[in-house]
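Asks: sequence below, structure please.
(chains A, B and C, ligands or ions: 2)
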Amino acid sequence: MGYVNRRNRTIAGVFLLPTVAVLFLTTIYPMLYALYLSFRNYDLAKPFIPRIFVGLANFQEVLTSGPFMHSMWITFKLMAVTLTFQFVIGVGLALLVTQRLPGMAAIRTLLLIPMMISPVIVGLVWLFIYFPELGYLNYFIGLIGINPIPWITSTQWALTAIAIADIWQWTPFVMMGTAAALQSLSPEPYEAALIDGNSRIDVFLYVTLPQLKPVLISLLFLRAIDAFKIYDIIFVLTKGGPGDATETIALYIYRQSFTFWRMGVGAAASFVSLIIISVLITLFFKSMQKSAVAR
Amino acid sequence: MASVSLTNVVKAFGAFKVVHGVDLDITDGEFVVLLGPSGCGKTTTLRMVAGLEDVSGGEICIAGEVINDRPPKDRKIAMVFQNYALYPHMTVRQNMEFALKPQKLSKAEVDAKIAGVAGMLGLDALLQRKPAQLSGGQRQRVAMARAMVRTPEVFLFDEPLSNLDAKLRTQVRMEIAKLHKQLGTTVIYVTHDQVEAMTLADKIVIMKDGYIEQIGSPEEVFAHPKNLFVATFIGSPSMNLFRMTVERGDKGPVLSSAAFTIAAPVDKSGKLTPGQAVTLGIRPSDVRLARAGEPGAIEARVEVVEYLGVEALVDLRVGTQEFIAQIPAGERPAPDETVKVVFNQAGLHLFDSESGQAL
Amino acid sequence: MGIWNKSLLAASFVAMMCGSALAQDKPFEGVQLKMLGIGDTSVTRLAKITSEFEEQTGAKVQIDMLPYPGLIDKIIIEASSDNPTYQLLWVDSPWVGMLGEAGALQDLTDYAKRDAAEIGLDDIIPVQLQENSWQGALLAFPASGMIWHVNYRQDLFDNADEKAAFKAKYSYDLAPPSTWQQFHDIAEFFTRKKGDKLAGKVLEQDFYGNAESYSRVQGAITHDYFPIMRGFGGDYWDPATGLCAMTGEPHVKAAEFMKSLVPFNPPDYLGLMWDIQSGYMERGETALSGYWSVRTVRLTNPEEAKLPSLGKAGFSGGPTVDGKPQPTYTGALSFAINAKVSDQEKEAAWAFIKWGTSEKIMRRLADEGWGISQFRKSILSDPALQEKYPYYKVLLDTQANARRRIFHPFYADVEENFGVELSKYMAGETATAQEALNNACTAVNSRLSMFPVEQRLRWINDAPVTVLQK
Ligand SMILES: Nc1ncnc2c1ncn2[C@@H]1O[C@H](COP(=O)(O)OP(=O)(O)OP(=O)(O)O)[C@@H](O)[C@H]1O
Ligand SMILES: [Mg+2]
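Replies: Ligands and ions are numbered 1, 2, ... in the order given. Below is the predicted model of the structure:
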């Protein structure tokens, strides 16, 4: 390593210091504390229970727990559905709003609104929409003669209802990222394809999509992590119910920690899910990279 | 192969007119260069031919058919872009295959076409590379290959060499000339580089501000510029201009200025009237050092001497008038010397100072 | 601070308040009290007049009102904090064991004994004091006394056509249900579709025979299930082991009974809880709805509910299997003092509790249309108030034969596990009631079984509240 590189490293270190300090206080310390908790029997509501070291018992309980596995399944199911729709609709909208048509700029801004609302508010908005008796949605489908549907209070519909709310909120994110990428694409290959006479579908599949791929993968990465953590909307709309139909991992962890007050089990569940999501995401992106290299 | 003709073609972006009634006939197999300074409407004209811009007025015909409203793909043209416009994630082969895809050819036909073009352009070894793994010159050749593989009737080039360094530019320029000779396809080629235009063109179209200033062979536009703009635009270093007044001399009209007086060219004398303001143009290569005692020599002071190897450019001054002489390097004077120069009679160009038109 | 110091301080406060009234007629000048409370009948009306308390005592009271779901979480976090924000805590009586075993609540026994006359200790229904005790210590003071009872559409029950039709179908007279079978019949009978007739009028929307809570949110379903289970003769714990015993026949029958009511409930039954459930009764959209009496007063107040304008509410005690009264569960919504606050704040908080639960205030609210579900005999037995609030008589009668609700330190586990499991069963995700109850009990017991049996038995032992011992 040359002198300049070494020197740059020192400077970089100095600049990183504040960031590292903040990171330590806000992320690493709580993580370490959670790790400490995960090996303990720690009941916040029952100080009379000794807060002893219990080894891997919490982890064992989580890994053998039916409700945990169930929440894992719900989380991935929800993730698969929401991400699919968010990307299909988001990319479609991006293609639409990047057309040079009158009014597109305004439409684009409007479409971004859901993303800018806090998830709790989004939950409340959809609560009004889904509300069984007085909700807008049932009112409108009532106008066309459909009987009210218990959107968030039936096990058949609740997960769908949450998926719709989440898709509504996060499709704009995909749209915005994709639209930005689309606009940075050079127009000339498209003109070349226009002259060569390639069909629109071919142009999209073979020219646009491959060029969008790095951006789409990044967006997918961000969305996947977010989807794994989905909490606010569910908390407002169903609190995991009815039954356990919408109980995702975050809800499971919340329930262990703040309903049963078993902070140790909650912490262990957090770590187990952290590991699972890290492994899955790493595997997924490894395979994406491989396929990208193979092309 | 096909002929192309533009009749009174107009282009306006909103209220802003950028091409004003262009008329141009290109015969089958001709190599036509659109030449002009930046912003004069060359690209716009080319893109109208390609169908990438709507035509605001007039008619464009290819092979005798009006194609104003035809989509680009139905115009039997191919275009090579300034930035190559290659598909960055596709290999050279895939770039060509994609261009052929709409023709729905069999695999064998596609392979044959690609092999043919790749051979012609020396791309055989590069077929599996992606654009990012190619040099600028190679990318340019791929862009041409992708245009050629479709065997169009008209090639459109928009400043294809402007992203290359000088040496490579010369080399690719020659390749283009060679290919045109081989294929004989009609070419419309846009550039603002007059060397490219002079070397490649069968016919040069000189444009300015959306108007055609002159159409002609390289020799014509060089030797007989129709106006002051063409005269100064073509040729490097550009033509020397002197503001003169026509006066009656002993042996016919003379041109006179504060600095010097010379006889008017004999063939133009009929068009001159005394008192008329004219501009005398003379290319630096038509200025030479006077032999001892040569009549009509003009005394000038040497300001700067630029040595170019075979030749030298000498900046001269007579009174307030500056001009350049291009002379054999061996004859070059030293700065601050006073020299005597004469103008080659055949190289004298006269323009009406008011209209700028050649006399 | 030792017990001596404490009583000394208390004595000096008493002295200050009584003896030196002239010198300082506002004993808590400058004291700031905050209450973590619920946004419901036991608090909302009082919150509007706390300025009167400030005028009398100088203590400023701020009440933060939250919805029931999640409130206990806030209270537990508050209780586990070393720097208390709230001096006063609103407490639902099932929480007493959780908060009591954690040492979060101030023992009010001495205060109550000291001020027995002032608070009218004899006037309070004894089980209401028992309900607020943990291991004999009075940890909270009732602000509202509750029972689970049946609300019904009196106007429909009185309708001649409906009565005749009911009799024709079920061969007995339409009357407030005293057995579960009758409850079921009535719910079935009054379930009508849009376009059907109800009491001679064509319905513009579906009408539901019944509305119970089936939601899992904050264990809402258990708040109806447990009283119904009691009505079937069941109870929470095994007195021999101190473990969950809710897998027996009455428990299964009660769960199956609730499920049998689903067809008569609104389509969003799995979302029914608290105000969403009572809303159906308040809007007059259901014939029959059993719930805790906390919101019952609204059914008599046309400013709060539609029902009094379009019909009339009737009230009766919870049914049983055979119609003979079973000791029903009672409940209390109470005010408690955070154990971690200063002695002066405790005195001020106690003064507020005394004021806010006094007969005077209770009567005044009742006179203003806010007859809060009561714990005072004097009010419940007042004929004028019984006339105005017919449910007061039901309250008074049933409290005489009432028993304590769950008060276990692991109440949160019981509420949540039964909430989820019962809700799943009602939704059809779990095949049988037995399986659901087994799951819930197993989950609860998995935590309890780690403790020695003596401890478990202590947790279910209802030691008589000492404040009532002479
Ligand atoms: N899309 C457009 N909207 C408005 N004006 C345009 C547009 N495209 C080109 N112009 C204008 O039209 C005129 C001609 O542009 P054009 O690109 O044809 O010039 P050019 O001769 O190709 O110049 P260069 O040598 O710099 O490429 C310019 O003044 C340019 O600003
Ligand atoms: Mg251009």
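Asks: kindly report the residues of the stretch 201-350 of chain C close to chain A.
Replies: Residues of the stretch 201-350 of chain C lying close to chain A (CB under 8 Å from any CB of the partner chain) are C:214-217, C:266-272, C:279. For glycine as for every other residue, the C-beta is placed from the backbone atoms N, C-alpha and C.
Asks: what segments of the chain are strands?
Replies: Using chain A. Counting by DSSP state E, chain A forms no strands at all.
Asks: chain C, not that one
Replies: Shown for chain C, the strands assigned by DSSP E span residues C:32-38, C:60-66, C:88-92, C:133-134, C:137-138, C:141-153, C:197-198, C:201-202, C:288-292, C:313-317, C:328-337, C:402-403.
Asks: and the contacts of the third one?
Replies: Right, strand C:88-92. C:33-38, C:42-43, C:61, C:63, C:68, C:71-72, C:75, C:78-79, C:99, C:104-105, C:132, C:139-140, C:143, C:331-338, C:349, C:352-353 (CB atoms under 8 Å, 6 or more residues apart in numbering or on different chains).
Asks: go with 7 Å
Replies: C:33-38, C:43, C:75, C:99, C:140, C:333-338, C:349, C:352 (CB atoms under 7 Å, 6 or more residues apart in numbering or on different chains).
Asks: in JSON lines, list the residues of the stretch 201-350 of chain C next to chain A along with pLDDT, neighbour count and distance to B:Glu153.
Replies: Output for those, formatted as JSON lines (pLDDT from 0 to 100; neighbours: other CB atoms under 10 Å in any protein chain shown; distance: CB to CB, whole Å):
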{"residue": "C:Tyr214", "pLDDT": "95", "neighbour count": "31", "distance to B:Glu153": "76"}
{"residue": "C:Ser215", "pLDDT": "93", "neighbour count": "27", "distance to B:Glu153": "74"}
{"residue": "C:Arg216", "pLDDT": "92", "neighbour count": "32", "distance to B:Glu153": "74"}
{"residue": "C:Val217", "pLDDT": "91", "neighbour count": "23", "distance to B:Glu153": "74"}
{"residue": "C:Pro266", "pLDDT": "92", "neighbour count": "26", "distance to B:Glu153": "74"}
{"residue": "C:Pro267", "pLDDT": "89", "neighbour count": "18", "distance to B:Glu153": "70"}
{"residue": "C:Asp268", "pLDDT": "88", "neighbour count": "25", "distance to B:Glu153": "70"}
{"residue": "C:Tyr269", "pLDDT": "92", "neighbour count": "29", "distance to B:Glu153": "75"}
{"residue": "C:Leu270", "pLDDT": "91", "neighbour count": "31", "distance to B:Glu153": "71"}
{"residue": "C:Gly271", "pLDDT": "90", "neighbour count": "29", "distance to B:Glu153": "71"}
{"residue": "C:Leu272", "pLDDT": "92", "neighbour count": "27", "distance to B:Glu153": "76"}
{"residue": "C:Gly279", "pLDDT": "94", "neighbour count": "21", "distance to B:Glu153": "78"}
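Asks: which two among these are spaced furthest apart?
Replies: C:Arg216 and C:Gly279 (18.4 Å; CB to CB).
Asks: residues in contact with stretch C:118-134?
Replies: Contacts of stretch C:118-134 (CB under 7 Å, 6+ apart): C:93, C:96-97, C:100, C:112, C:138-142, C:145, C:330-332, C:334, C:354, C:359, C:375-378, C:399, C:402, C:404-405, C:407, C:465, C:467-468.
Asks: just the buried residues out of the residues you listed, in PyMOL syntax.
Replies: What follows is the PyMOL syntax for the buried subset of those, where burial is set by 16 or more other CB atoms under 10 Å in any protein chain shown:
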select buried, chain C and resi 93+96+97+100+112+138+139+140+141+142+145+330+331+332+334+354+375+376+377+399+402+404+405+407+465+467+468
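Asks: quick one: residues contacting the closest residue to chain A within the stretch 351-470 of chain C.
Replies: Going by CB to the nearest CB, chain A is nearest to C:Lys424 of the stretch 351-470 of chain C, at 3.6 Å. Residues in contact with C:Lys424 (CB under 7 Å, 6+ apart) are A:243-244, C:430, C:436.
Asks: state the number of residues packed around C:Ala254.
Replies: Applying other CB atoms under 10 Å in any protein chain shown, we find 27 residues neighbouring C:Ala254.
Asks: if I look at it, how far off is C:Gly318?
Replies: 11 Å (CB to CB, to the nearest Å).
Asks: one more: C:Ala463?
Replies: Relative to C:Gly318, C:Ala463 is positioned 26 Å away (CB to CB).
Asks: tell me which of those two has more neighbours.
Replies: C:Gly318 (23 against 12).
Asks: what pLDDT does the more buried one get?
Replies: The model reports C:Gly318 with a pLDDT of 93.
Asks: could you pull up the residues touching the closest residue to it other than its chain neighbours?
Replies: Spatial nearest neighbour of C:Gly318, excluding adjacent residues (CB to CB, 6 or more residues apart in numbering or on different chains): C:Gly231 at 4.9 Å. By CB under 7 Å, 6+ apart, the residues touching C:Gly231 are C:180, C:318-320, C:326.
Asks: what is the burial count for the one residue in the stretch 1-150 of chain B that gets nearest to chain C?
Replies: With CB to the nearest CB as the measure, B:His89 is the residue of the stretch 1-150 of chain B nearest to chain C, at 47.9 Å. Residues lying near B:His89 (other CB under 10 Å) number 19.
Asks: now the one 10 residues further on
Replies: By other CB under 10 Å, 25 other residues sit near B:Ala99.
Asks: give the buried residues for the lowest-mean-pLDDT helix or strand in chain A.
Replies: Each helix and strand of chain A was given a mean pLDDT (mean pLDDT, DSSP states H and E); the minimum falls on helix A:3-23 at a mean of 79. By 16+ other CB under 10 Å, helix A:3-23 has no buried positions at all.
Asks: and it, how far out from the chain's middle?
Replies: Offset of helix A:3-23 from its chain centre (CA atoms, centre = their mean, to the nearest Å): 32 Å.
Asks: for ligand 1, state which of the contacts of C:Lys424 is nearest.
Replies: Nearest to ligand 1, judged by CB to the nearest ligand atom, of these is A:Asp244 at 58.7 Å.
Asks: mind checking how far the closest one is from C:Gly419?
Replies: 11 Å.
Asks: between these two, which has more neighbouring residues?
Replies: Shown here are A:Asp244 and C:Gly419; by other CB under 10 Å, C:Gly419 has more neighbours (27 against 24).
Asks: ok, the spatially closest residue to that one that is not a sequence neighbour - contacts?
Replies: Using CB to CB, 6+ apart and skipping the chain neighbours, the partner closest in space to C:Gly419 is C:Gly219 (3.2 Å). Counting by CB under 7 Å, 6+ apart, C:Gly219 makes contact with C:415-416, C:418-419.
Asks: now B:Thr232
Replies: With CB under 7 Å, 6+ apart, B:Thr232 has these contacts: B:238-239.
Asks: same question for the one 10 residues further on.
Replies: Going by CB under 7 Å, 6+ apart, B:Phe242 touches B:257, B:279-280, B:321.
Asks: list the backbone torsions phi and psi for it.
Replies: phi -130, psi 130 (degrees, to the nearest 10).
Asks: how close does it get to ligand 1?
Replies: 30 Å (CB to the nearest ligand atom, to the nearest Å).
Asks: can you tell me how far that residue is from chain C?
Replies: According to CB to the nearest CB, to the nearest Å, B:Phe242 and chain C sit 95 Å apart.
Asks: please apply the same query to A:Asp202.
Replies: 47 Å.
Asks: so the nearest residue to that residue once chain neighbours are set aside: helix, strand or coil?
Replies: Once flanking residues are discounted, A:Asp202 sits nearest to B:Lys101: 6.3 Å by CB to CB, 6+ apart. At B:Lys101 the chain is in helix, as set by DSSP: H, G, I helix; E, B strand; the rest coil.
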